[in-house]
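[1] I'll drop the sequence and a predicted model, then ask my questions.
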Amino acid sequence: MSYLESNVKTVPTGLRKILYLNWPVILLLAAVCSVGFLMLYSVAGGSLSPWSEPQMKRFGLGVFVMFAIAMVPIWFWRNMAGLAYAISLLLLLYVEFFGDLRMGAQRWIDFGFMRLQPSELMKITLVMMLAAYYDWLDIKKVSRPIYVIIPVILMILPTALVLRQPDLGTSVLLLTGGATVMFLAGVSWYYFAGVIALVVGIVTAVFQFRGTPYQFLKDYQYRRIDTFLDPSSDPLGAGYHITQSKIALGSGGWTGRGFMQGTQSRLNFLPEKHTDFIFTTLAEEFGFVGAITLLILYTLILLFCAVSAFSNKDRFASLLTLGIATTFFLFFAVNMSMVMGLAPVVGVPLPLVSYGGSAMLVLLAAFGLMQSAHVHRPR
């Protein structure tokens, strides 16, 4: 029995739970989503359709889901972690055989009224599963090899399925998010040093086997790496995305061209302007000031999550909150690095700003788990 369960009498009930919610995080999430609505309105040429209005509806549904999850005791979600992980894994298997194929990638399940991307769900359920595992495991055993192998397997299974879709960006996020939970749980840094050495070996092999029947990545993924290293090598082909993105970022200057005045997005020079590259639209229209403002909002969310986690005496709740915060950080860090040319283009959306139903709903549900941990922490 965890510390939280043994102190269940101290857990708030009824309407008092609403008062115990981490309201600064809720307000910050709403502010970030509002930035997204504004930018989707702009890239649509001053229209709520086809992107801004559906995104607002998904936000409303996501907020309802977040509050509903927050009202449920955190020990319930700990007990549900294994089932949630198993369902996510089964959905990934379903995508492997029956998934909806779009733009050369098989990542979605089409339910008719909505399309679900199970890999988005796995980012959170993997964190839940690992947090529950280390809550169950004696802290003295976390670095023993047999107990390190189990979470590694839990990470490799979904990562392998996501790689087959193919989705390199999400695969990296799964591994990094899972590894972060292991590190926070107290796993010896020797294992991470070994993994870093292995990664160096794999990266070397990726380039050595390029052009052979045994190459590890798809051709378009190799082109993305080439483009990252030298965008000017193919400015009208594989390098087009990042070249136009840098033009948009640079043209914004300090204060930007003005709302709905960005030439790169309005004249359709900027590809995927409503999804992966929406940050460049923001930077072009509102400049450095707008970009740094969004970054500050993201940082404040992380800060409040960290404060909540470190003040929580329940191991599962603390690890879960930190794992969700890390996943959220990886989302925007990878996206911003990608559109600025600091990392290869791997198709990671800007959290709560880019257009996309699955990503928004899953992230708000994840923050519902964070709120549940915050509301039901021992007092």
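    Perfect, thanks for sending it.
[2] and the helices in the stretch 251-379 of the chain?
    Along the stretch 251-379 of the chain, counting by DSSP state H, counting those that start in this stretch, helices occupy 263-266, 278-310, 315-339, 357-375.
[3] can you redo these as CSV with mean pLDDT?
    CSV is the format used below for those (pLDDT from 0 to 100):
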stretch, mean pLDDT
helix 263-266, 69
helix 278-310, 93
helix 315-339, 92
helix 357-375, 91
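[4] so which of those is nearest Leu90?
    The closest of the helices of the stretch 251-379 of the chain to Leu90 is helix 357-375. By Cβ to Cβ, the value is 16.3 Å. Every residue, glycine included, has its C-beta placed from N, CA and C.
[5] where's Ala248, which helix or strand?
    Using DSSP states H and E, Ala248 maps to helix 240-251.
[6] tell me what that helix is packed against?
    helix 219-229, helix 263-266, helix 278-310, helix 315-339 (3 or more Cβ pairs under 8 Å, 6 or more residues apart in numbering; DSSP states H and E).
[7] now these in JSON lines, with mean neighbour count and distance to Ile26?
    Shown next, in JSON lines, are the helices and strands packed on helix 240-251 (neighbours: other Cβ atoms under 10 Å; distance: least, Cβ to Cβ, whole Å):
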{"stretch": "helix 219-229", "mean neighbour count": "16", "distance to Ile26": "36"}
{"stretch": "helix 263-266", "mean neighbour count": "21", "distance to Ile26": "30"}
{"stretch": "helix 278-310", "mean neighbour count": "20", "distance to Ile26": "10"}
{"stretch": "helix 315-339", "mean neighbour count": "24", "distance to Ile26": "14"}
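[8] turn those helices into JSON lines, including distance to Tyr133.
    Listed next are those as JSON lines, based on distance: least, Cβ to Cβ, whole Å:
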{"stretch": "helix 219-229", "distance to Tyr133": "31"}
{"stretch": "helix 263-266", "distance to Tyr133": "44"}
{"stretch": "helix 278-310", "distance to Tyr133": "17"}
{"stretch": "helix 315-339", "distance to Tyr133": "9"}
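[9] ok, which of those helices comes nearest Met182?
    Smallest distance to Met182 across the helices and strands packed on helix 240-251 (Cβ to Cβ): 9.8 Å, for helix 315-339.
[10] which helices and strands sit right next to the closest one?
    Using 3+ Cβ pairs under 8 Å, 6+ apart, helix 315-339 sits against helix 3-6, helix 74-79, helix 118-136, helix 168-185, helix 240-251, helix 278-310, helix 357-375.
[11] need the ones you listed in CSV with distance to Ala343, can you?
    Shown next, in CSV, are those (distance: least, Cβ to Cβ, whole Å):
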stretch, distance to Ala343
helix 3-6, 38
helix 74-79, 32
helix 118-136, 18
helix 168-185, 10
helix 240-251, 10
helix 278-310, 13
helix 357-375, 18
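[12] between the helices and strands packed on helix 240-251, which one is nearest to Leu28?
    Short answer: helix 278-310, nearest of the helices and strands packed on helix 240-251 by Cβ to Cβ, at 4.9 Å.
[13] about what we covered before: show me which residues of the helix holding Ala248 are buried.
    Within helix 240-251, the residues that count as buried by 16 or more other Cβ atoms under 10 Å are Tyr240, His241, Ile242, Thr243, Gln244, Ser245, Lys246, Ile247, Ala248, Leu249, Ser251.
[14] same thing with stretch 30-42?
    Going by 16+ other Cβ under 10 Å, stretch 30-42 has these buried residues: Val32, Cys33, Val35, Gly36, Phe37, Leu38, Met39, Leu40, Tyr41, Ser42.
[15] name the element the last one belongs to?
    Using DSSP H and E, Ser42 sits within helix 23-43.
[16] so in the protein, which strand runs the longest?
    strand 105-110 (DSSP state E).
[17] the helix or strand following that one pairs with which strands?
    Using DSSP H and E, the next helix or strand after strand 105-110 towards the C-terminus is strand 115-116. Strand 115-116 sits in its sheet next to strand 105-110 (antiparallel), going by DSSP bridges.
[18] report the buried residues of the strand it pairs with.
    By neighbour count, with 16+ other Cβ under 10 Å as the criterion, the buried positions of strand 105-110 are Gln106, Arg107, Trp108, Ile109.
[19] list just the nearest of those to Leu342.
    Arg107 (24.8 Å).
[20] and for that closest one, nearest residue in space, chain neighbours not counted?
    In space, and not counting its chain neighbours, Arg107 is closest to Gln165: 4.8 Å by Cβ to Cβ, 6 or more residues apart in numbering.
[21] and that neighbour, how many neighbours?
    Number of residues near Gln165 (other Cβ atoms under 10 Å) recorded here: 22.
[22] report the secondary structure state of it.
    State at Gln165, reduced to three classes by DSSP: H, G, I helix; E, B strand; the rest coil: coil.
[23] that one reaches Leu93, doesn't it?
    No: Gln165 is beyond contact range of Leu93, at 11.8 Å (criterion: Cβ atoms under 8 Å).
[24] on that earlier part again, to Gly347, which of the helices and strands packed on helix 315-339 lies closest?
    The closest of the helices and strands packed on helix 315-339 to Gly347 is helix 168-185. By Cβ to Cβ, the value is 4.9 Å.
[25] the helix or strand just after that closest one packs against which elements?
    Sequence-wise, the next helix or strand downstream of helix 168-185 (DSSP H and E) is helix 189-208. Using 3+ Cβ pairs under 8 Å, 6+ apart, the elements in contact with helix 189-208 are helix 168-185.
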